[in-house]
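J.: Predicted model follows, preceded by the sequence.
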Amino acid sequence: MYPQNLTGKTAVVTGSSRGIGRAIAARLAANGAAVTINYRSEAGAAEELVAQIVASGGSAQAVQGDIARIDDIQRLFDKAEIAFGPIDIVVANASIAILKPLIDCTEDDFDTLFGANARGTFFTLKEAAKRLRDGGRIVAVTTGGTRMFLGETSLYLGSKGAVEQFVRSLSRELGSRGITVNAVLPGFTNTDMLPERDRARAAGMSPFARVGETDDIADVVAFLASEQARWVTGQNIGAGGGVM
């Protein structure tokens with residue numbers, strides 16, 4: 001069904017027990033990759049996804065870890081290598097959101113959000129750069145909000161904007177090894193992060209008159225993880241249904 005054959009490949013997807021990360025992990029597994037599913041607190045959801053993948057003939061494991069903690073990131077990669085061997089694909093998806101006017105943001109808000117989204121993703125990318133096999137794929141999931149003017153999002157978009165610059169620089173550093181590094185910027189997507197009150201307005205902003213589904217984003221990531229995307233690197237790729 002999916003042309004991107006990942007048989008024999010191994011993947012790590014952070015923040016993949018629910019939402020976009022869950023769809024990405026499921027898609028990579030459906031395409032043949034052995035997937036390590038990372039979660040911070042939702043063990044039941046992560047194990048449920050593992051069971052679904054295994055029941056469909058795939059390979060997967062769930063590993064708890066908070067990407068705001070560098071030792072957890074390292075342990076995640078250790079467990080992925082122990083279970084499935086050298087790593088080919090890393091999707092840095094885990095993040096948190098704090099949405100409030102800039103004037104109301106506290107020092108703790110800043111430290112929490114940048115600690116997870118910017119610092120955590122930075123060290124996930126560092127670990128990926130150290131451990132990926134030559135010819136590997138790195139994909140970071142940020143947000144189409146960095147291309148829009150949205151109130152009450154300064155901390156969230158600032159932390160995601162930093163990741164987009166990490167990707168551009170890292171792509172230059174890893175090109176000699178045939179490793180591609182890209183970011184995917186989802187638009188309004190049907191997850192629990194999209195408030196119900198905003199869904200109709202968000203759908204009206206797209207020429208397709210709907211919000212995105214998690215599979216819409218997973219398809220883009222699966223392409224970037226494949227051999228077909230070998231000539232795409234250093235890109236921040238919008239996947240927003242024409243919204244941004």
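T.: Alright, I've got the coordinates.
J.: which residues touch residue 67?
T.: Residue 67 makes contacts with 14, 15, 38, 40, 73, 76, 94, 116, 120, 121, 123, 124, as judged by CB atoms under 8 Å, 6 or more residues apart in numbering. (C-beta placed from N, C-alpha, C; glycine too.)
J.: Pull the contacting residues for the last one.
T.: Shown here is residue 124, whose contacts under the criterion CB under 8 Å, 6+ apart are 14, 67, 73, 90, 92, 94.
J.: Helix, strand or coil: sort out residue 228 for me.
T.: Here residue 228 is recorded as helix under DSSP: H, G, I helix; E, B strand; the rest coil.
J.: any idea how far residue 4 is from it?
T.: 6 Å (CB to CB, to the nearest Å).
J.: So between those two, which is more surrounded?
T.: The residue with more neighbours, out of residue 228 and residue 4, is residue 4; 21 against 13, by other CB atoms under 10 Å.
J.: wait, that one sits on residue 226?
T.: Yes: using CB atoms under 8 Å, residue 4 is in contact with residue 226, at 3.5 Å.
J.: who touches both of these two?
T.: residue 31.
J.: before we move on, back to that, so which of the contacts of residue 67 sit within strands?
T.: residue 38 (DSSP state E).
J.: ok, the contacts of residue 67 vs residue 100, which is closest?
T.: Closest approach between those and residue 100, by CB to CB: residue 116, at 16.1 Å.
J.: Can you give me the pLDDT of the closest one?
T.: Per-residue pLDDT puts residue 116 at 97.
J.: quick one: contacts for the residue positioned nearest the centre of the chain?
T.: Closest residue to the average C-alpha location of the chain: residue 93 at 2.3 Å, with CA atoms, centre = their mean. For residue 93, the contacting residues are 13, 14, 15, 16, 20, 21, 24, 140, 141, by CB under 8 Å, 6+ apart.
J.: hmm, back to that, buried only: go through the contacts of residue 124 for me.
T.: Neighbour counting over the contacts of residue 124 (16 or more other CB atoms under 10 Å) leaves 14, 67, 73, 90, 92, 94 as the buried ones.
J.: could I get the contacts of residue 124 as CSV with pLDDT and distance to residue 152?
T.: Putting the contacts of residue 124 into CSV (pLDDT from 0 to 100; distance: CB to CB, whole Å) gives the following:
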residue, pLDDT, distance to residue 152
14, 98, 25
67, 97, 24
73, 98, 29
90, 99, 31
92, 98, 24
94, 97, 22
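J.: and the residues you listed as JSON lines, adding distance to residue 215?
T.: Shown next, in JSON lines, are the contacts of residue 124 (distance: CB to CB, whole Å):
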{"residue": "14", "distance to residue 215": "19"}
{"residue": "67", "distance to residue 215": "24"}
{"residue": "73", "distance to residue 215": "27"}
{"residue": "90", "distance to residue 215": "20"}
{"residue": "92", "distance to residue 215": "19"}
{"residue": "94", "distance to residue 215": "19"}
